[in-house]
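> What shape does this take:
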Amino acid sequence: MTQKATDFKIDIASNLHKWRAFVAIGELGSLTRAALFLDSNQSLLSRQLNALERECGTRLFNRTGRGVNLSEIGLVLFPTVKDLLMKAVQLEEHIRGDAREPSGRVTLGLLPSIGLPLVGRLFSDMRRRHPAVKLKVLEGSSGQVEEWLADARVDIAILYRYSPSLPELEQSLALVDSYLIGPAGDKLSGASEVVFSTLHELPFILPSAPNGLRSALDAIARQQHITLEPVIEADSLPLQKALVATERLYTVLPLHAVWSEVADGRLQAARIVDPPFQRTISMASAKAKGPTRAVAAVTAQLVEIVDDMARAGMWRPRDQT
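You can find the predicted model right below:
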């Protein structure tokens, strides 16, 4: 019996990268968002899409004023193409082998106040343990980090959550107390603790709304029937700390955000109590982006670092959240 090889005729489907772009655009409904997700640019992605549609001989997307959506043909092709890409990823992981050292770039989205204590240690640990993993760090407001996570522009997001319950698929890392931060020699911030009502009409520098910290502060102030009226609003953490020190203002921050300044005597910190004003450090991963084993290695290292810092007194450990 004559054996025959399977005859695969592949032309349009031979380049999977262009179909990865097709799936990204179809899932996100926007060339702009897809370009961010793919670390590309919108004009290049648009040219690739036009070339793919010419090869297919039909429109795969309908263009609208609000973005793009899959055409009738695009809807038919989408699940098959996505399944093909998923199988290609599985094949690549199988070829690489489970024992292979994690590698690739992992992008983190962080708030400025949490980035400083974490990133230096994370870089050092990853370079020592997993040198093939490269880190990219984006700092922004809570709203920006949330948007980057939703768009899968980041693989891992570290956020503050002010509610006792976390969104689905987020992991609690630590519980953080909030402190009244004041200048050196100040009586209020020189105490170990201050009750929340003490914050009434103090000369504050605070971030402007919308902001997670500001919203949570304002909500408790209303419950306590006190007034929080900042004399200046600034979202910049370095500016907040500088003006507290030089202009004898106050702000509210977690202790890790002023760890070195308090240790050096440049600022003072009194823990806010009655009621305590707390937040959770939360870690979330994007649903689909980045090298899986590398992302897992970074998340595991972040958990270890946060636990070590809890033992040093920077925040409360996870078992107290």
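
> Would you map the helices across the stretch 201-321 of the chain?
For the stretch 201-321 of the chain, the helices identified by DSSP state H, counting those that start in this stretch occupy 212-224, 237-247, 259-263, 292-311, in order along the chain.

> who touches residue 156 in this structure?
Listed by Cβ atoms under 8 Å, 6 or more residues apart in numbering, the contact set of residue 156 reads 106-109, 283-286, 295, 298-299, 302. Placement of C-beta: from N, CA and C, glycine included.

> again but with residue 149, I slipped
The neighbourhood of residue 149, defined by Cβ under 8 Å, 6+ apart, consists of 109, 157, 284, 286.

> how about it, phi and psi?
Residue 149 has phi and psi values of phi -70, psi -40 when expressed as degrees, to the nearest 10.

> Spatially nearest residue to it (excluding sequence neighbours)?
Among residues not flanking residue 149 along the chain, residue 157 sits closest, at 4.3 Å (Cβ to Cβ, 6 or more residues apart in numbering).

> Measure how the helix or strand that neighbour falls within sits relative to helix 212-224, angle-wise.
In this structure, residue 157 is located in strand 156-161 according to DSSP states H and E. Strand 156-161 and helix 212-224 meet at an angle of 10 degrees, taking axes from the mean of the first three to the mean of the last three Cα atoms, to 10 degrees as the criterion.

> got the CA positions of strand 156-161 in CSV?
This file holds the C-alpha atoms of strand 156-161, laid out as CSV (Å, rounded to 0.1, in the frame of the first residue of the first chain):
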residue,chain,number,x,y,z
ILE,A,156,0.1,42.7,35.7
ALA,A,157,-1.5,45.6,37.5
ILE,A,158,-0.9,46.6,41.1
LEU,A,159,-3.7,48.7,42.5
TYR,A,160,-5.3,50.0,45.7
ARG,A,161,-8.7,48.8,46.6
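
> following that strand, which helix or strand comes up?
Counting by DSSP H and E, the element after strand 156-161 in chain order, helix or strand, is strand 170-183.

> gap between the lowest-mean-pLDDT helix or strand in the chain and the chain center?
Among the helices and strands of the chain, helix 72-96 carries the lowest confidence by mean pLDDT, DSSP states H and E, at a mean of 82. Centre-to-centre, helix 72-96 and its host chain are 27 Å apart (Cα atoms, centre = their mean, to the nearest Å).

> Would you mark the buried spots in that helix?
74, 77-78, 81-82, 85 (16 or more other Cβ atoms under 10 Å).

> re earlier: ok, the contacts of residue 149 vs residue 264, which is closest?
residue 109 (29.2 Å; Cβ to Cβ).

> What does that closest one show for phi and psi?
For residue 109, the backbone dihedrals are phi -110, psi 120 (criterion: degrees, to the nearest 10).

> In contact with it, which residues?
For residue 109, the residues meeting the contact criterion (Cβ under 8 Å, 6+ apart) are 138-140, 144-145, 148-149, 153-154, 156-158.

> circling back to that earlier point, mind putting the contacts of residue 156 into CSV with pLDDT and distance to residue 212?
Listed next are the contacts of residue 156 as CSV, based on pLDDT from 0 to 100; distance: Cβ to Cβ, whole Å:
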residue, pLDDT, distance to residue 212
106, 92, 24
107, 94, 21
108, 95, 18
109, 95, 14
283, 94, 16
284, 91, 14
285, 87, 20
286, 83, 20
295, 90, 25
298, 94, 24
299, 93, 22
302, 95, 20
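
> Just the buried residues from those, in PyMOL please.
Provided next is the PyMOL selection string for whichever of these are buried by 16+ other Cβ under 10 Å:
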select buried, resi 106+107+108+109+283+284+285+286+295+298+299+302
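
> Taking the contacts of residue 156 together, which two end up most distant?
Farthest apart among the contacts of residue 156 - using Cβ to Cβ - are 286 and 302, which lie 14.7 Å from each other.

> what's the angle between the least confident helix or strand of the chain and helix 292-311?
Using the same axes, to 10 degrees, helix 72-96 lies at 70 degrees relative to helix 292-311.

> what packs against helix 72-96?
With contacts taken as 3 or more Cβ pairs under 8 Å, 6 or more residues apart in numbering; DSSP states H and E, helix 72-96 sits against helix 16-28.

> buried residues in the helix it packs on?
Within helix 16-28, the residues that count as buried by 16+ other Cβ under 10 Å are 19-28.
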